[in-house]
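Visitor: output the structure for:
(one chain, ligands or ions: 1)
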Amino acid sequence: MIRLEQFLESDCDPLIAVVPDARFLLQWAGPNYRHPLDATQLKRTLARAIGKQPSVKVFKAVLQTTSQVVGHIQLMNIDYDRECCRIGRVMIFPGHQGAGLGKEMVRLAVREAFDYLGLAEITLGVFDFNKAAIATYQRLGFEEYRLKIGAFTFRDEAWNLMEMRLINASLGHA
Ligand SMILES: CC(C)(COP(=O)(O)OP(=O)(O)OC[C@H]1O[C@@H](n2cnc3c(N)ncnc32)[C@H](O)[C@@H]1OP(=O)(O)O)[C@@H](O)C(=O)NCCC(=O)NCCS
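Guide: Next up, the predicted model:
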């Protein structure tokens, strides 16, 4: 139903348009993007996505039928020596959520990391109140390995960060 395509500079504005406020930005992207999100910040990420062994791979999720862009996902902190990366900035655009696309998009990103890059482990962080995201990751086999209580603050709220990981079983790592 969807495929992953390389995220381009021309995709910045439509992505920025679906980030409504600072709370959502922190929930979706963590603290390294500052509100208001702008093309300069996204291009800084894209600058790390070039070369033979980029530290980041940035994707848009595109509907197979219409080529409409419906999501965003990144492989981050790609470490070719330690054979690991993080999945982050996972978003299915409003109006398309709850239809299985999030699970499909993350599955495609996992395949990219494990089958194409040959990595052995993927980790991610998700706030513990984000039930839809946690369910998505759990369905794909991610397991919680740590809960960081009060890892981030948003205004007067302390947010707990659940760290999850997925091991590439096909490599035989226990
Ligand atoms: C997280 C997100 C990508 C999930 O995408 P989605 O397309 O809505 O999810 P899916 O339809 O693929 O659902 C995946 C699973 O989560 C479950 N789920 C969805 N919403 C849920 C909710 N609110 N509570 C509990 N489970 C939920 C679904 O039932 C499904 O499980 P199933 O296959 O057993 O039925 C999407 O909600 C999103 O973009 N959220 C905003 C950005 C964000 O917070 N990103 C995560 C950063 S870590």
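Visitor: list the buried residues of stretch 24-33.
Guide: Buried positions in stretch 24-33, judged by neighbour count with 16 or more other C-beta atoms under 10 Å: 25-30, 33. Just so you know, the C-beta spots here come from the backbone N, C-alpha and C atoms, and that holds for glycine as well.
Visitor: can you list contacts of it?
Guide: For stretch 24-33, the surrounding residues in contact (C-beta atoms under 8 Å, 6 or more residues apart in numbering) are 19, 34-35, 37, 41, 88-91, 125, 127, 130, 152, 154, 159.
Visitor: could you pull out the strands for this protein?
Guide: Per DSSP state E, the chain carries strands over the ranges 2-6, 57-63, 69-79, 84-92, 121-127, 143-154, 157-167.
Visitor: what about stretch 62-80, start to end distance?
Guide: This stretch, stretch 62-80, spans 27 Å end to end (C-alpha to C-alpha, to the nearest Å).
Visitor: what does this protein have sitting close to the ligand?
Guide: Contacts of the chain with the ligand, taken as C-beta under 6 Å from any ligand atom, map to 27-28, 90-92, 97-103, 126, 130-133, 135-136, 139.
Visitor: could you redo the last one with a cut-off of 5 Å?
Guide: The chain has residues 27-28, 90-92, 97-98, 100-103, 126, 131-133, 135-136, 139 near the ligand, with proximity defined as C-beta under 5 Å from any ligand atom.
Visitor: burial measure for the closest residue to the ligand within the chain, as a count.
Guide: As assessed by C-beta to the nearest ligand atom, the ligand sits closest to Gly102 within the chain, at 2.0 Å. Using other C-beta atoms under 10 Å, Gly102 is surrounded by 26 other residues.
Visitor: ditto for Leu171
Guide: Leu171: 12 neighbours (other C-beta under 10 Å).
Visitor: this completes my enquiry, with thanks.
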